[in-house]
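J.: sequence and predicted structure are below.
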Amino acid sequence: MGRAIVNDEEHAVAPERMEPVPHPIEELPLQERAAAYEHELEQLRGVLDGTDSELDFGA
C-alpha cells in the first residue's frame with residue numbers, strides 16, 4: 001500500500017514562480033469591462049434579494 005504524502009515540497013511551486021491568472025473581464029476594453037462588471041453586480045443583487053438563484057459569470 002502507498003503511504004500518505006504529508007509534505008510534498010518536491011512538487012510545490014514557489015510563490016515567486018506563480019503567475020496570476022487574469023480574470024477574463026480584465027482583458028476586455030474598458031467600456032466592455034464596465035458593462036460586464038455591471039452584469040455581475042446585477043446578478044449578485046438578484047441572488048441577495050432572492051430574485052435570481054444562480055450566478056453566470058460567463059455571460
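T.: Here it is on my side, so go on.

J.: tell me where this protein has helices.
T.: For the chain, the helices defined by DSSP state H occupy 30-49.

J.: where does pLDDT dip in it?
T.: Low-confidence segments of the chain, defined by pLDDT under 70: 1-17, 53-59.

J.: repeat that for 90
T.: 1-28, 33, 36, 40, 43-59 (pLDDT under 90).

J.: now D49: how far from A34?
T.: According to C-beta to C-beta, to the nearest Å, D49 and A34 sit 22 Å apart. Placement of C-beta: from N, CA and C, glycine included.

J.: the two: which has the busier surroundings?
T.: A34 (12 against 8; other C-beta atoms under 10 Å).

J.: list the contacts for that one?
T.: Shown in contact with A34 (C-beta atoms under 8 Å, 6 or more residues apart in numbering): no residues.

J.: quick one: it from E26, how far?
T.: 12 Å.

J.: same thing with G46?
T.: Distance from G46 to E26, by C-beta to C-beta: 23 Å.

J.: higher neighbour count, those two?
T.: Comparing G46 with E26 by neighbour count (other C-beta under 10 Å), the higher total belongs to G46, at 14 against 10.

J.: just to check, the more buried one is in contact with D52?
T.: Yes - using C-beta atoms under 8 Å, G46 makes contact with D52 at a distance of 2.9 Å.

J.: who's in contact with L41?
T.: Applying C-beta under 8 Å, 6+ apart to L41 gives no contacts.

J.: and it, how far from T51?
T.: From L41 to T51 the distance is 14 Å (C-beta to C-beta).

J.: show me what counts as buried in stretch 34-54.
T.: By 16 or more other C-beta atoms under 10 Å, the buried positions in stretch 34-54 come out as A36, Q43.
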